[in-house]
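Student: Got a sequence here, can you model it:
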Amino acid sequence: MTDEEKLREIIRLGSELNNIQDLDLLLERILLEARLCVNADAGTIYLKQGNDLVFTHAQNETLQKQLPTGQKLIYSIFKVPMDNRSIAGYVATTGEILNIPNVYELPESVPYRFNPSFDRLANYHTESVLTVPLKTPMGDILGVFQVINGRNESGKIVKFEKDHELFILSFASTASIVLQRAQMTRTLLLRMMQMAELRDPKETGAHVNRVASYAVEIYERWAYNKGIEQNELDSNRDILRMAAMLHDVGKVAISDLILKKPGRVTPEEFEVIKSHTYLGAGIFKERQSSFDQLAAEVALNHHENWDGTGYPGHVDIETGKPIRIGRDGKALPKKGEEIPIMGRIVSLADVYDALSSRRVYKEAWSETDVLVEIKKSSGMKFDPDIVDIFFENLNTLRSIQERYKEEEET
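Tutor: Numbering: from 1, shown residues only. So this is what the prediction gives:
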């Protein structure tokens, strides 16, 4: 790719990145495109969190090729202090770019050092590393991204050239602007859920982030199995993550006397709780985008059961009244594939997290008990295909649990 073609690509990507709304998916795309721009084998992103840099996203083509088709690279989440002792910390602290030909041959005169623990653990060899700060237009640090092990046309690991620095800096400038916007969107979503958390103690920020992340992973494998086109898959992943975060937003309309009741609720009270599904969907009834439609779909359907024993069934989201009536005179529940796929996916993601998490009113179930319960519920509460995909992706889902821990656990 010529220099002119690379610049044209950066301009094009700026427009494409602006269309991605979710923070995690945006970070994945930023990292991928930065790597492609300079033909790097791997890359990492750190985001600033207080006085630390949090390692949030990683890609490694060499290690990915060693995995079965469809399986994702799993990595640990960790923090490094924003100081001069690490390469990422130095770049974040100084705002300078670092282009290191070989991280194992750093001169004694520099304050930073390379941590080889990942290389040893993964049986990988890091050599050339180009590290760039992500800054706001005001110069504040958002984070740091690195491209690792530049390759020449024959695939040999080489150092990053000076022109690579220019392209990555241009890319970082564009990426920082859209990253700020995505962080604002994520913050707004979490603030909406904090309103629900004030009403229902289980609706924590960590909970909704986990449920949304589980849902995206399960959907991605389902879509791959169904042969969904990549453009459609990417678009749906983006809005699903945000929609899944808002699956219980309708609880803001439920009385504290019911949601925070210390004992069992009465049948009448449970009927009120059920209304959070269509009340949540009703928030998005003035549909301005595909996100509004999917958010309403998820809110309405995430308590429907595969065997037709769930709720709220076929109801009008504005009134809550039945539009199809069963033999009991109540709304006819949805069953099987009548339940939209995103509702089926979020249903399993929500239950998995609820059973796995400790709350003020219950202890977390053991993982063994959780998995037994999910397997037992296949074909009853859950779509059997979604259960199969859940177990295929279990290691990835476990890594999400580690990424989004409850505050008291961190």
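Student: so for the helix or strand Leu169 falls within, what's the average pLDDT?
Tutor: Counting by DSSP states H and E, the secondary-structure element that holds Leu169 is helix 162-199. Per-residue pLDDT over helix 162-199 has a mean of 71.
Student: who are the neighbours in contact with Asn236?
Tutor: By CB atoms under 8 Å, 6 or more residues apart in numbering, the contact list for Asn236 reads Tyr219, Ala223, Ile228, Leu294. No exception for glycine: its C-beta is placed from N, CA and C like everyone else's.
Student: If I look at it, what pLDDT would I see?
Tutor: At Asn236, pLDDT is 90.
Student: Just want to check the distance between Gly135 and Thr94.
Tutor: Not quite, residue 135 is Lys, not Gly. 12 Å (CB to CB, to the nearest Å).
Student: These two: who's more crowded?
Tutor: Using other CB atoms under 10 Å as the criterion, Lys135 and Thr94 rank with Lys135 on top: 18 against 13.
Student: so the more buried one bridges to which residues?
Tutor: Applying DSSP bridges to Lys135 yields these beta-bridge partners: Ile141.
Student: Go ahead and confirm it touches Ser176.
Tutor: Yes: shown here, Lys135 and Ser176 form a contact pair, counting by CB atoms under 8 Å, at 5.7 Å.
Student: can you list residues touching both of the two?
Tutor: Leu142.
Student: in a strand, that's where Ala58 is, yeah?
Tutor: Yes: secondary structure of Ala58 (DSSP: H, G, I helix; E, B strand; the rest coil): part of a strand.
Student: got the contact list for it?
Tutor: Contacts of Ala58 by CB under 8 Å, 6+ apart are Leu31, Ala42, Gly43, Thr44, Ile45, Leu73, Tyr75.
Student: how close does the closest residue to the last one other than its chain neighbours sit to Val370?
Tutor: In space, Tyr75 comes closest to Ala58 once its chain neighbours are excluded; the distance is 4.8 Å by CB to CB, 6 or more residues apart in numbering. Spatial separation of Ala58 from Val370 under the definition CB to CB is 27 Å.
Student: before we move on, the earlier item: can you lay out the contacts of Asn236 as TSV showing secondary structure and distance to Thr319?
Tutor: TSV is the format used below for the contacts of Asn236 (DSSP: H, G, I helix; E, B strand; the rest coil; distance: CB to CB, whole Å):
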residue	secondary structure	distance to Thr319
Tyr219	helix	30
Ala223	helix	34
Ile228	coil	34
Leu294	helix	22
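Student: Going by distance to Ile386, which of those wins?
Tutor: Nearest to Ile386 among the contacts of Asn236, counting by CB to CB, is Tyr219 at 9.4 Å.
Student: And for Lys362, the neighbour number?
Tutor: Neighbour count of Lys362, defined by other CB under 10 Å: 11.
Student: Who does it form a beta bridge with?
Tutor: Judged by DSSP bridges, the bridge partners of Lys362 are Arg359.
Student: Mind pulling up the pLDDT for it?
Tutor: The model reports Lys362 with a pLDDT of 71.
Student: And it, how far from Phe55?
Tutor: Relative to Phe55, and taking CB to CB, Lys362 is found at 32 Å.
Student: State the phi and psi torsions of the residue most central in space within the chain.
Tutor: In the chain, the residue lying closest to the centroid (CA atoms, centre = their mean) is Ser213, at 4.1 Å. Main-chain dihedrals, Ser213, degrees, to the nearest 10: phi -70, psi -40.
Student: Skipping adjacent residues, who's closest to it in space?
Tutor: Ile400 (4.5 Å).
Student: Let me know the helix or strand that that neighbour is in.
Tutor: Short version, using DSSP H and E: Ile400 is in helix 394-403.
Student: Residues in contact with that helix: which ones?
Tutor: Against helix 394-403 from outside (CB under 8 Å, 6+ apart): 56, 71-72, 74-77, 210, 213-214, 217, 352, 356, 371, 390.
Student: Derive a PyMOL selection command for the buried subset of those.
Tutor: For the buried members of the contacts of helix 394-403, the matching PyMOL selection, counting by 16 or more other CB atoms under 10 Å, is:
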select buried, resi 56+75+210+213+214+217+352+356+371+390
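Student: and of the contacts of helix 394-403, the nearest to Arg264?
Tutor: For those, the nearest to Arg264 is Ser356 (22.5 Å; CB to CB).
Student: taking the mean pLDDT, what do you get for stretch 402-410?
Tutor: Stretch 402-410 carries an average pLDDT of 65.
Student: Likewise for stretch 373-380?
Tutor: Regarding stretch 373-380, the rounded mean pLDDT is 97.
Student: With stretch 337-346 instead?
Tutor: 97.
Student: For that stretch, list every residue counted as buried.
Tutor: Residues of stretch 337-346 classed as buried: Ile339, Pro340, Ile341, Met342, Gly343, Arg344, Ile345, Val346 (neighbour count, 16+ other CB under 10 Å).
Student: any idea how far the residue nearest to the first one when sequence neighbours are not counted lies from Val346?
Tutor: Distance criterion CB to CB, 6+ apart; nearest residue to Ile339, sequence neighbours excluded, is Glu304 at 4.5 Å. Distance of Glu304 to Val346, computed by CB to CB: 10 Å.
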